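In: Build me a model:
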Amino acid sequence: MNNLRNIVAIWFARVILERPKYKIDHQGDPPWDCSGQPRECGCFDVAQYNTLTEFLEEYTGESYASYISGYGLFHYTYEHDLSDLITEFVYTTLKEEPNTQADREEWSDELDECALDNEIALHTECAHWLCSELFLEGKVGAMEALVQEQAESQARQIEHEAQLQAGHVLYDVYISSMFDIKETVCKNIEAWHVIRPILLNMTDIQRKQIALVLKSSNSIHAALLEGRVP
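Out: Residues are numbered from 1 along each chain as shown. Coordinates of the predicted model:
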């Protein structure tokens with residue numbers, strides 16, 4: 001339970017700190033549908049909520065089809081997000097138990113029933129937690145997770161730019177003398193057949209680098225193997 005509380009606390013703090021608050025706006029509803037649309041309406045104030053139950057009624061901003069005439073969309077609340085969080089926690093916990101075969105492709109009916117019972121019990125317990133306490137417990141973890149994600153995103157961007165630059169160098173060395181417009185190379189069958197032998201002599205890494213420059217919609221490597229235009 002302590003592990004779950006920490007997970008929920010960090011999740012809750014991140015929602016409060018990072019996500020906008022939504023309301024359902026019906027001003028743009030056509031005469032035949034009264035679904036409404038999620039509209040941002042400011043930021044969350046954790047002081048407005050007592051227990052987690054109150055907060056779970058807030059909208060996430062995401063919608064899904066209802067398949068009901070006159071009410072085409074339903075709108076997710078944080079009740080849905082918490083349920084997913086608890087489900088993942090329960091199944092992960094059960095798989096780690098010594099008597100559970102983690103490599104089984106399908107779970108038995110008994111195990112699924114056990115998981116469902118645990119989810120209901122945990123959801124009931126979580127609903128009574130105080131929002132003020134959860135936020136204080138999860139704030140530091142939430143900020144650390146955000147910093148980590150930003151660092152990883154920045155690292156991926158730097159790596160992408162490095163690969164793109166390498167692709168430009170490859171293009172300038174091997175292909176630019178034949179074609180001036182990078183974007184049209186892979187859209188022209190004749191051009192593709194000209195550069196295909198050049199690409200076949202490159203490493204897989206080089207092909208991926210130059211694919212960024214050629215703006216190929218599919219994998220150049222796969223296209224080479226299949227003999228088709230990417």
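In: Longest helix in this structure, by number of residues?
Out: In terms of residue count, the longest helix belonging to the chain (DSSP state H) is helix 131-174.
In: Does anything pack onto it? Which helices or strands?
Out: On a contact count with 3 or more C-beta pairs under 8 Å, 6 or more residues apart in numbering; DSSP states H and E, helix 131-174 meets helix 2-18, helix 52-55, helix 204-214. Where you see a C-beta, it was placed from the backbone N, CA and C, and this is true even at glycine.
In: Can you say which of those helices is nearest to Cys34?
Out: Distance to Cys34, taken as C-beta to C-beta, is lowest for helix 52-55 among these, at 25.2 Å.
In: pLDDT averaged over the closest one - what is it?
Out: What helix 52-55 shows for mean pLDDT is 95.
In: and it, what does it pack onto?
Out: With contacts defined as 3+ C-beta pairs under 8 Å, 6+ apart, helix 52-55 has these neighbours: helix 2-18, helix 109-127, helix 131-174.
In: redo that, cut-off 6 Å
Out: Secondary-structure packing of helix 52-55 (3 or more C-beta pairs under 6 Å, 6 or more residues apart in numbering; DSSP states H and E): helix 109-127.
In: for the chain, what are the low-confidence residue spans?
Out: Scanning the chain for pLDDT under 70 picks out the ranges 1-2, 96-113, 179-188, 216-230.
In: What is the longest strand of it by residue count?
Out: Counting residues, the longest strand found in the chain (DSSP state E) is strand 59-68.
In: With only the CA atoms kept, save that strand in PDB.
Out: Output in PDB follows, covering the C-alpha atoms of strand 59-68 (Å, rounded to 0.1, in the frame of the first residue of the first chain):
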ATOM      1  CA  TYR A  59     -12.000  16.400 -16.600                       C
ATOM      2  CA  THR A  60      -8.700  15.400 -18.200                       C
ATOM      3  CA  GLY A  61      -9.400  17.200 -21.500                       C
ATOM      4  CA  GLU A  62      -9.700  13.900 -23.400                       C
ATOM      5  CA  SER A  63     -12.900  12.600 -25.000                       C
ATOM      6  CA  TYR A  64     -14.100   9.300 -26.400                       C
ATOM      7  CA  ALA A  65     -17.000   8.200 -28.600                       C
ATOM      8  CA  SER A  66     -20.200   7.300 -26.700                       C
ATOM      9  CA  TYR A  67     -22.100   5.800 -29.700                       C
ATOM     10  CA  ILE A  68     -25.200   7.400 -28.200                       C
END
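In: Can you get me a residue count around Leu52?
Out: Residues lying near Leu52 (other C-beta atoms under 10 Å) number 21.
In: Sounds good, over and out.
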